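Enquirer: The following comprises the amino acid sequence and a computationally predicted model.
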Amino acid sequence: MGVTDPAGPVMDRDEADRALARLGQEHEAIETSLLALQDHAGRRLLEGAELTGVTKERWQATEARITRLWGYFDAYAATLHTAREIRSRRRWSSRDDLVELTGLLRGDSVTVAGNGRLSETFSLTSLVDRMNELYATSLDMVVAADAVWSALPARIDLLAAELQRTRQLAHSVGVRPGEHPAGDDLERITRTLTRLRQDVVSDPLAFWVPAEGSSAPGGGRPDTTVYDREARALEDARREIEAVLTVRQDAEARLIRLRDVLSRADRTLAEARTARGEVLAKIAATEVPVVSGPPTALQEQLATAAEYRRQARWHRLSPLLESLERKAEDELLRARESLTAVTAPLAVRAELRGRLDAYKAKVARHGLAEDPVLVERYDAARRMLWSAPCDLRVAEQAVLRYQQAAVELLGGPGMPEGPEGGQS
């Protein structure tokens, strides 16, 4: 086959038959793909939607691309039909037939009229490559839009339904915009979800993130950033509202506990005031802290809390109860610390009395209770500790003198101090 033409060496009959079979299979595959694209749910939605933004721009370009794709396919099919007719003229194709077939099957034999531009010429092979390129680009756009529409609107609707239930719950417990932060949050979430759904429906490609390094049509994922943020915000608002609901359910019990804590604090302060009078009467030369009265502000806030409960103003009662519970515990702690500080001199006197009697019992076990020095020092210490007002500093010195005398009689300087053998 020495004869050549622009398409290369002339094909023989077997080569022509194999080429026609291969091109016929490609024709069927391309036609199947084009029909599938034509029937794709995403394409039908794009045709019927009122698009905006980047999706509108890309769909206009894609529609033109699909139209051009069908034009290419029709030209491809016509050329393939012509080649089949030439091959079917006779069982054993002549040399002229084979030359013509070679030009059609291998040469730049397909001319496609341009739409407002110059005509394009392709070989069947290059035309298949061009159609595959246009098809992949068109399918990518259709699949991306369909993926966003399949994923986001339904999720937004579910979240909107949850939002509506949360709004109803908020209304039932008095959480309203302008009166409670959660009410303001629900209003903002409502506006954002409404706008988000409109944007997703009209411009789905604005919510598409292509996969890095992927050339496959539809490679990527829907961008759920705004949806996820609002879902978290709704969950936070729902927790706040449920906290308010919990307040409604246990408000009475919490108010009772608050009154009990404040009552205990008042009783402790009253005990501290009584003790302070006793200390001033019984202990001399001692600085005794002043005991403050019950905090009227807490009682006023408690009354306000009870009023909120009667008015079912749960959103206001919730933070007030939390604040009152902290303050009431702090008040009880302060009252206890005040009582401890006021009664400290009495505790010191009690400790000195106990120490004196413990040493007396010890020397009695050793038969030394009647020792004149011990008797004298014991009586002196006891008069100071059991008389009022008691000078603790002088009384402590008297107890120490009795201890020292007892230690000397019981065992000398090396004797461990203390009524039970401890070091004095």
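Expert: Now that the structure is in, tell me what you want to look at.

Enquirer: Pull the number of nearby residues for residue 359.
Expert: Residue 359: 26 surrounding residues under other Cβ atoms under 10 Å. In this view, the C-beta of every residue, glycine as well, is placed from N, C-alpha and C.

Enquirer: Which element, helix or strand, includes residue 135?
Expert: Using DSSP states H and E, residue 135 falls within helix 124-172.

Enquirer: can you give me the strands in this protein?
Expert: 4-5, 8-9, 110-112, 120-122, 208-210, 220-222, 283-284, 390-391 (DSSP state E).

Enquirer: which regions of the protein sit below the pLDDT cut-off?
Expert: 1-8, 115-117, 213-216, 285-286, 412-424 (pLDDT under 70).

Enquirer: Quick check, central residue of it?
Expert: The centre of the chain sits closest to residue 232, judged by Cα atoms, centre = their mean, with a distance of 5.8 Å.

Enquirer: Please report how far residue 193 lies from residue 148.
Expert: Between residue 193 and residue 148 the distance is 16 Å, computed by Cβ to Cβ, to the nearest Å.

Enquirer: Which of the two has more residues huddled nearby?
Expert: residue 148 (26 against 20).

Enquirer: just the strands of the chain: most buried one?
Expert: strand 390-391 (a mean of 20; mean count of other Cβ atoms under 10 Å).

Enquirer: those helices in the stretch 201-350 of the chain, which residues are they?
Expert: 225-282, 296-310, 314-365 (DSSP state H, counting those that start in this stretch).

Enquirer: Domain map for the protein?
Expert: 4-147, 151-211+218-247, 256-342, 346-410 (automatic domain parsing).

Enquirer: re the thing from before, closest to residue 62 out of the strands of the chain?
Expert: For the strands of the chain, proximity to residue 62 was assessed by Cβ to Cβ; strand 208-210 is nearest, at 13.7 Å.

Enquirer: Strand partners (parallel or antiparallel) of that closest one?
Expert: strand 220-222 (antiparallel) (DSSP bridges).

Enquirer: Pretty sure residue 43 sits against residue 144.
Expert: No. Using Cβ atoms under 8 Å, residue 43 makes no contact with residue 144, being 11.9 Å away.

Enquirer: Distance from stretch 86-104 to the middle of the chain?
Expert: 73 Å (Cα atoms, centre = their mean, to the nearest Å).

Enquirer: same thing with stretch 36-43?
Expert: On Cα atoms, centre = their mean, the centre of stretch 36-43 falls 39 Å from the chain's centre.

Enquirer: try stretch 59-73
Expert: 46 Å.

Enquirer: quick one: buried residues of that stretch?
Expert: Within stretch 59-73, the residues that count as buried by 16 or more other Cβ atoms under 10 Å are 59, 62, 65-66, 68-69, 72-73.

Enquirer: Repeat that for stretch 313-325.
Expert: Neighbour count says stretch 313-325 has 313-318, 320-321, 324 buried, by 16+ other Cβ under 10 Å.

Enquirer: Residues in a beta bridge with the residue nearest to residue 79 when sequence neighbours are not counted, which ones?
Expert: Leaving aside its chain neighbours, residue 79 sits nearest to residue 110 (4.9 Å; criterion: Cβ to Cβ, 6 or more residues apart in numbering). Beta-bridge partners recorded for residue 110 (DSSP bridges): residue 122.

Enquirer: give the contact list for residue 110.
Expert: Contacts for residue 110 (Cβ atoms under 8 Å, 6 or more residues apart in numbering) come out as 75-76, 79, 121-124, 127.

Enquirer: on that earlier part again, right, so of the strands of the chain, which gets closest to residue 174?
Expert: Residue 174 lies closest to strand 220-222 among these, at 37.6 Å (Cβ to Cβ).

Enquirer: what distance separates that closest one from the centre of its chain?
Expert: With Cα atoms, centre = their mean, you get 23 Å for strand 220-222.

Enquirer: what's the answer for stretch 282-301, then?
Expert: On the basis of Cα atoms, centre = their mean, stretch 282-301 sits 46 Å off its chain's mean C-alpha point.

Enquirer: buried set for that stretch?
Expert: In stretch 282-301, counting by 16+ other Cβ under 10 Å, buried: 283-284, 286, 288, 291, 294-295, 298, 301.

Enquirer: Could you list which residues are in contact with residue 82?
Expert: Neighbouring residues of residue 82 by Cβ under 8 Å, 6+ apart: residue 104.

Enquirer: repeat that for 10 Å
Expert: Taking Cβ atoms under 10 Å, 6 or more residues apart in numbering, we find residue 82 in contact with 100-101, 104, 109.

Enquirer: Next: residue 143.
Expert: 37, 40, 42-43, 208, 216-220.

Enquirer: ok, so of the residues you listed, who is nearest residue 84?
Expert: Using Cβ to Cβ, the contacts of residue 143 come closest to residue 84 at residue 37, 25.5 Å.

Enquirer: related to what we said a few turns ago, quick one: the residue nearest to residue 79 from residue 135, how far?
Expert: Residue 110 is 17 Å from residue 135, by Cβ to Cβ.

Enquirer: And for residue 91?
Expert: 37 Å.

Enquirer: same thing with residue 349?
Expert: On the measure of Cβ to Cβ, residue 349 and residue 135 end up 102 Å apart.

Enquirer: ok, now residue 99?
Expert: For residue 99 relative to residue 135 (Cβ to Cβ), the value is 32 Å.

Enquirer: quick one: which of the helices of the stretch 201-350 of the chain is nearest residue 399?
Expert: For residue 399, the closest of the helices of the stretch 201-350 of the chain is helix 314-365, at 5.2 Å, according to Cβ to Cβ.

Enquirer: other SSEs contacting the closest one?
Expert: For helix 314-365, the contact count by 3 or more Cβ pairs under 10 Å, 6 or more residues apart in numbering; DSSP states H and E identifies helix 181-202, helix 225-282, strand 283-284, helix 296-310, helix 372-385, strand 390-391, helix 392-410 as packing neighbours.

Enquirer: The fourth one versus helix 225-282: what angle between them?
Expert: Regarding helix 296-310 and helix 225-282, their directions subtend 140 degrees when assessed with axes from the mean of the first three to the mean of the last three Cα atoms, to 10 degrees.

Enquirer: ok, and what's touching helix 296-310?
Expert: For helix 296-310, using Cβ under 10 Å, 6+ apart, the contacting residues are 174, 247-248, 251-252, 254-255, 258-259, 261-262, 265-266, 295, 313-318, 320-321, 323-324, 327-328, 330-331.

Enquirer: Thanks a lot, catch you later.
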